[in-house]
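Student: Build me a model:
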Amino acid sequence: MSIKDKFKNKTQMKAFVGELLRGSEIGEITNKNDVFFLNELLTNYREKEKEKRKILRFSVGLNKYNQNHFMYSYLLDRGGVEFDSFSYTKAIDCIYGKRITNKDKFKSAMRITLEDDFKQFRASWLKVMPYCELSGDKMTSNSCHVDHYGEMEFRHIIDSFCELNKIDYDSVSYTSTLNGDICADHEITKLFRLYHDKKCKLRVVTAKENLKRGKL
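Tutor: Predicted coordinates for the structure are as follows:
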């Protein structure tokens, strides 16, 4: 049975893994079933890599409430241990046949640059409006997402920013971090944050409602 056969569709798998991430304590994941599943997910995602990674352990970082990344360590063929992270949403998209383009990579990098802003926005929102306006469910910091809505959703902001600034997706360089790849050009990052702040319309909704709208 493949990992896909365990779920009805991609949305259900994302919801399951999202709950696994948010429901885990910060630090190493020790539940054997969870470790086995994450290893299977990562192996399927990385199956085309020439160097197969021998995974030592998975863990959840301090950013678990505003990122989609699991951290992991692996044994190098030449000896020694290396650390990395992977986005479970990207992994699942890849498993279901979605090819990750340079535009997707740029979009992901820009979202990562906004995570501190999103974290502050989420905390402020929950103090005033702890119930989801779409479902009526009470939200907590580990069960909600910041949602772009209205005329300018996140993808529209990305498109208009790149058109305005003549960004060539194929020419953008990245720097790897434990949170994922970020844009190496800090000027682009600075400009995007300012542009996003002017154009975005945000609200906080439950993770379930956000997944229904295909945001991840």
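Student: Mind listing residues that contact stretch 98-117?
Tutor: 63, 66-67, 87, 90, 93-94, 154-155, 158, 162, 167, 169-170, 172, 174, 177, 179-183, 189, 192-193, 196-197 (C-beta atoms under 8 Å, 6 or more residues apart in numbering). The C-beta positions use only the backbone N, C-alpha and C, and glycine is treated the same way.
Student: In helices, which of those residues appear?
Tutor: Residues from those lying in helices, with DSSP state H as the criterion: 90, 93-94, 154-155, 158, 162, 189, 192-193, 196-197.
Student: Check the residues you listed and tell me the two furthest apart.
Tutor: Spatial extent of the ones in helices among the contacts of stretch 98-117 (C-beta to C-beta) is set by the pair Cys94 and Asp197 at 31.1 Å.
Student: are any of the ones in helices among the contacts of stretch 98-117 buried, and which?
Tutor: 90, 93-94, 154, 158, 162, 189, 192, 196 (16 or more other C-beta atoms under 10 Å).
Student: out of those residues, which one sits closest to Val81?
Tutor: Of all these, Lys90 has the smallest distance to Val81: 23.5 Å, by C-beta to C-beta.
Student: How about the closest one: what's its closest non-neighbour residue?
Tutor: Ile100 (6.3 Å; C-beta to C-beta, 6 or more residues apart in numbering).
Student: repeat for Asp137
Tutor: Thr206 (5.4 Å).
Student: just Tyr45 next, same as before
Tutor: In this structure, Tyr45 finds its nearest non-sequential neighbour in Ala91, 3.8 Å apart by C-beta to C-beta, 6+ apart.
Student: got a list of what that neighbour touches?
Tutor: Taking C-beta under 8 Å, 6+ apart as the test, what Ala91 contacts is 41-42, 44-45.
Student: domain assignment for this protein?
Tutor: As recorded under automatic domain parsing, the domains making up the chain are 3-95, 102-212.
Student: between the ones you listed, which gets the lowest average pLDDT?
Tutor: Among those, domain 3-95 has the lowest mean pLDDT, at a mean of 82.
Student: Report the central residue of this structure.
Tutor: Residue closest to the average C-alpha location in the chain (C-alpha atoms, centre = their mean): Asn68, at 3.3 Å.
Student: thinking that one is in contact with Tyr88, fair?
Tutor: Yes - judged on C-beta atoms under 8 Å, Asn68 makes contact with Tyr88 at a distance of 5.5 Å.
Student: joint contacts of these two?
Tutor: Residues touching both Asn68 and Tyr88 (C-beta under 8 Å, 6+ apart): 18, 21.
Student: Show me the helices in the protein, by range?
Tutor: Here the chain has its helices, by DSSP H, at 10-23, 32-45, 88-95, 102-113, 115-128, 154-165, 186-199, 207-212.
Student: need those helices in a markdown table with distance to Tyr74, can you?
Tutor: Formatted as a markdown table, those follow (distance: least, C-beta to C-beta, whole Å):
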| stretch | distance to Tyr74 |
| --- | --- |
| helix 10-23 | 19 |
| helix 32-45 | 9 |
| helix 88-95 | 15 |
| helix 102-113 | 22 |
| helix 115-128 | 25 |
| helix 154-165 | 32 |
| helix 186-199 | 29 |
| helix 207-212 | 28 |
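Student: Tell me which of the ones you listed is the most buried.
Tutor: helix 88-95 (a mean of 20; mean count of other C-beta atoms under 10 Å).
Student: Alright, calling it a day.
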